[in-house]
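In: Kindly return the folded structure for what I paste below:
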Amino acid sequence: MASVVELTYYPVKGCAGTSAREALLTPAGLAHDRSFMVVSEEGVGRTQRRDPGLALVRPTVSTGGGRLTLHAPEFETLDLRVDTAAARRKVDLFGTVHQGIDQGDTAADWFTEVLGVPSRLVRVPPEHDRVTDGRTPGTSAYADSCALHVVSRATLALLNRKLAERGVPPLPMNRFRPNIVVDGWDEPHTEDRAHRIRIGDTELGYAKLAIRCAVTMVEQGTGAKAGPEPLRTLADYRRAAEGGVAYGTKYAVLRTGTLSVGDAVNVTSWGESEL
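Out: Numbering: from 1, shown residues only. Here you go, the predicted structure:
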């Protein structure tokens, strides 16, 4: 039987993830996922595409979400009280304007020093009402698109077999930064066809395939770009009809609740892959 074997949320977009044995699933995904974003002074969101050093920042959020702690190698740990009341400012996420709450000069100075470029930290406002696209609409905070990204171990195993054929070492799952990792699906890319899923008391609806970018070439443990893999190998067998390469699947949240490692993954509706 398929089950959840990893749960990971990413408090600050582009930064390291936090593994959990249990997580609250909200309409916007796992609690605290991508609820913060580093931006330029002009408000343009930073990602590992241009700032791979974000991978070295390890954020942790207190249970109630009131405090954010930031760790980075060779830098002093920063503990912040999260501000949800300050004035809103415009932020740009891939050309779409949203609102953000600036977390102050101390956080800005810390990220500026760590990344080496002028930066500020914003939090998604409580009234954030973003609508995400795909077959099943939903919402998310500052994620690239949909609330949840799901990948199976069988999918990674297939890629690593193909990499081995080229003499390339295997890649870890964190290279793809999923929220939910599923084991027990024998067929690689079963997540392409799992269009409605129940996990515990929650329900997910298929939104779209995850089209991959240069972030998959960043070694998450070092923040170094390693390319051209895995995009070169994925281009051989995972070219998407809409362009680019697809790896993993995006889902919207149909019913909130609690997710736990070990929960059974029950597919209640199957469909054809959009690849």
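
In: Next up, the contacts around Tyr142.
Out: Contact analysis of Tyr142 by Cβ atoms under 8 Å, 6 or more residues apart in numbering lists Lys13, Arg34, Ser35, Phe36, Met37, Gly45, Leu93, His98, Val124. Yep, even glycine has a C-beta here, placed from its N, CA and C like the rest.

In: try it again with 6 Å
Out: Shown in contact with Tyr142 (Cβ atoms under 6 Å, 6 or more residues apart in numbering): Lys13, Arg34, Met37.

In: quick one: which of those residues is nearest to Pro178?
Out: In terms of Cβ to Cβ, no member of those lies closer to Pro178 than Arg34, at 13.1 Å.

In: quick one: that closest one and Ala141 touch, right?
Out: Yes: Arg34 lies in contact with Ala141 (Cβ atoms under 6 Å); the separation is 4.6 Å.

In: just the helices in this protein please.
Out: 105-115, 153-165, 231-237 (DSSP state H).

In: quick one: contacts of the first one?
Out: Contacts of helix 105-115 from elsewhere in the structure, counted by Cβ under 6 Å, 6+ apart, are Val38, Asp51, Gly53, Ala72, Phe75, Leu78, Leu80, Pro118, Ser119, Arg120, Leu121.

In: neighbours around the fifth one, how many?
Out: It refers to Phe75. 14 (other Cβ atoms under 10 Å).

In: Identify the residue spatially nearest to it, adjacent ones excluded.
Out: Leaving aside its sequence neighbours, Phe75 sits nearest to Val114 (Cβ to Cβ, 6 or more residues apart in numbering; 5.7 Å).

In: what do you get for Leu93?
Out: Gly45 (4.8 Å).

In: beta partners of that neighbour?
Out: With DSSP bridges as the criterion, Gly45 is bridged to Val39.

In: Does it touch Phe36 like I think?
Out: No: counting by Cβ under 6 Å, Gly45 stays clear of Phe36, with 10.7 Å between them.

In: Those two: which has the busier surroundings?
Out: Between Gly45 and Phe36, counted using other Cβ under 10 Å, Phe36 has the larger neighbour count: 27 against 20.

In: dump the residue contacts of Val151.
Out: Applying Cβ under 6 Å, 6+ apart, the residues near Val151 are Phe176, Pro178, Val181, Gly248.

In: how close does it sit to Gly53?
Out: From Val151 across to Gly53, the span is 24 Å (Cβ to Cβ, to the nearest Å).

In: what does Gly248 give?
Out: Distance, Gly248 to Gly53, using Cβ to Cβ: 24 Å.

In: I figured Tyr247 was touching Ile211, is that so?
Out: No: with contact defined as Cβ under 6 Å, Tyr247 does not count as touching Ile211 (8.4 Å).

In: Name the residue in these two with the higher neighbour count.
Out: Each of Tyr247 and Ile211 has its neighbours counted (other Cβ under 10 Å); Tyr247 has more, 26 against 17.
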